[in-house]
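# sequence-free structure coming up:
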Ligand code: PXG
């Protein structure tokens, strides 16, 4: 450990750096962990710890850390053409080749892509594009987008508005008008008094009820993550998507599948939509597109929407300086080529996903765990009080405590309230999955010991528990 450098960086961080989604004051008191380097599925910090990164950075490092081929692709492109735009009738090979590759991987009805710099920008693009589409179709009243509570679609104003995160809606003034939210298919959190089957159908029925309430003639699109990520790795009951598909088939409404997390192998298919047999009109993408090595996103645009936009003529007044950035595109293309050449997506589907499912399910017998679920390489543990079958009092911050215990044991998990979630790099091995599950069990044991030591008394004395401050 290099203590002077760590101390210096912590002090400078406190003095000058406002972190995303962070309580600035609390983090200032606690100080940041400084990540120095990474390889494979492990990150290293400045205090000499090696930590298994079961969040793949922030749901994005699908190919794992330290891939020389990606560094080489970036270097080569930086030397040849580091930047040029795609405005004013120009383009360049990396953007074109990446567009072609993405359309080859996407379902057959998707043959166009609009590039952005991030997932949030992708969803801003979605909102502008669906409304423009309906205007071109001569139905300018079709403006409203139906989204879901507790969804995450980004942190720009449009991304936040499409998302259903109540704390985000409560800050920064009003969001974009014309966006409404319906119930999420979160069985453990909101439907445990029904069967998953019935609850899934009920959530789909909420979509139809909302369409009827608004009037089909006013509804532009329904947007949803195939599996909700940031909301808590919420895998819908098996009845949900078929019932939603049946509703959408009855009405002329576009389907937007937000693939920012589910895309690029996470669920064992190239896109989460393919796992559920969806045929979305639009698919926002980012994160795993470049394995997070460089920032890039986009919207995959199905033929129905693309053909109208193209045939109508007239400019679509939308785009970003970094739309199709050549260096980001070159890295993304190499990333897709490597995922394909190494059979990563198939391995998640046929081997690693089923293996994780079996190992992860073994945690369900732990006294703190109410449910252990996974699909592909996404997983969640729902913490609860086995004695009562109820959630813990929020002030105990049990999830935050477990997340910190996990970090201390050498495993990055993320907590969303009292839900612990994982989304490891897709190149994780079976042995590393064993290590992940064993470290998660130790973190659960530590958390149980903390509760048995009398966490409520800690609270009553006003002691702050580390980890309750940052999400
Ligand atoms: N859609 C989905 C489904 C996402 O998960 C975005 C859009 C926005 O992407 P950008 O690139 O603009 O961040 C995301 C991002 C978390 C967390 O705490 C998740 C995201 C971002 C930040 C934090 O789990 N997902």
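Good, I have the coordinates. All of these numbers come straight from a predicted model, not from anything done at the bench.
# mean confidence score for stretch 50-68?
Per-residue pLDDT over stretch 50-68 has a mean of 98.
# buried set for it?
With burial defined by 16 or more other Cβ atoms under 10 Å, the residues of stretch 50-68 counted as buried are 51-57, 59-65, 67. Every residue, glycine included, has its C-beta placed from N, CA and C.
# between these, which is nearest the ligand?
residue 59 (6.1 Å; Cβ to the nearest ligand atom).
# Correct me if wrong: that closest one contacts residue 261.
Yes - contact criterion Cβ atoms under 8 Å: residue 59 and residue 261 qualify, at 4.7 Å.
# intersection of neighbour lists for the two?
Contact criterion Cβ atoms under 8 Å, 6 or more residues apart in numbering; residues shared by residue 59 and residue 261: 229, 287, 288, 423.
# And for the nearest residue to residue 319 once chain neighbours are set aside, the neighbour number?
Excluding its sequence neighbours, the residue lying closest to residue 319 (Cβ to Cβ, 6 or more residues apart in numbering) is residue 87, at 6.5 Å. For residue 87, the neighbour count with other Cβ atoms under 10 Å is 12.
# Can you flag which of the buried residues of stretch 50-68 belong to strands?
51, 52, 53 (DSSP state E).
# Please render these as CSV that adds distance to the ligand to the earlier fields.
As requested, these are arranged in CSV below (distance: Cβ to the nearest ligand atom, whole Å):
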residue, distance to the ligand
51, 17
52, 18
53, 14
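# now, among these, which is nearest to residue 341?
Each of these was scored against residue 341 by Cβ to Cβ, and residue 53 proved nearest at 23.2 Å.
# For that closest one, give me its contacts.
38, 41, 42, 43, 61, 65, 412, 424, 425.
# quick one: the residue in the stretch 1-150 of the chain that the ligand sits nearest to and residue 253, what's the gap?
Using Cβ to the nearest ligand atom, the closest approach of the stretch 1-150 of the chain to the ligand is made by residue 119 at 2.3 Å. From residue 119 across to residue 253, the span is 22 Å (Cβ to Cβ, to the nearest Å).
# more crowded one of those two?
More crowded of residue 119 and residue 253, by other Cβ under 10 Å: residue 119, with 30 against 22.
# Torsion angles phi and psi at residue 39?
phi -150, psi 140 (degrees, to the nearest 10).
# so how many other residues sit close to it?
When neighbours are defined as other Cβ under 10 Å, residue 39 has 12 of them.
# Let me know whether it touches residue 66 as I believe.
Yes - with contacts counted by Cβ under 8 Å, residue 39 reaches residue 66, the gap being 3.9 Å.
# which residues do these two both contact?
Contacts common to residue 39 and residue 66, judged by Cβ under 8 Å, 6+ apart, are absent.
# so how far is stretch 178-197 from its chain's centroid?
Here the centre of stretch 178-197 is set off from its chain's centre by 19 Å, with Cα atoms, centre = their mean, to the nearest Å.
# Spell out whether it and the ligand are in contact.
No - judged by Cβ under 6 Å from any ligand atom, stretch 178-197 makes no contact with the ligand; its nearest approach is 12.9 Å.
# what's the answer for stretch 399-409, then?
No - Stretch 399-409 lies out of reach of the ligand by Cβ under 6 Å from any ligand atom, never closer than 11.6 Å.
# Could you do stretch 328-346 as well?
No - Stretch 328-346 is not in contact with the ligand by Cβ under 6 Å from any ligand atom; minimum separation 12.2 Å.
# which of the residues in that stretch are buried?
328-336, 338-340, 344-345.
# interface residues of the chain facing the ligand?
Counting by Cβ under 6 Å from any ligand atom, the chain sits next to the ligand at 58, 118-120, 123, 152-154, 159, 225, 229-230, 258, 260-261, 286, 297.
# which of the residues you listed are buried?
Using 16+ other Cβ under 10 Å as the burial test, the residues of the chain next to the ligand include 118-120, 123, 152-154, 159, 225, 229-230, 258, 260-261, 286, 297 as buried.
# Looking at the residues you listed, which are in strands?
Residues of those located in strands (DSSP E): residue 297.
# Kindly list the longest helix within the chain.
Ranked by residue count, the top helix of the chain under DSSP state H comes out as helix 430-452.
# where do the strands sit along the stretch 1-150 of the chain?
35-39, 42-45, 50-53, 110-116, 144-148 (DSSP state E, counting those that start in this stretch).
# what's in contact with the last one?
With contacts defined as Cβ under 8 Å, 6+ apart, strand 144-148 is touched by 127, 130, 153, 162-164, 178-184, 207, 210-211, 214, 218-224, 228, 253, 256.
# For the residue nearest the centre of the chain, give me phi and psi.
Closest to where the C-alpha atoms of the chain average out (Cα atoms, centre = their mean) is residue 261, at 3.7 Å. The phi/psi pair for residue 261 (degrees, to the nearest 10) reads phi -100, psi -40.
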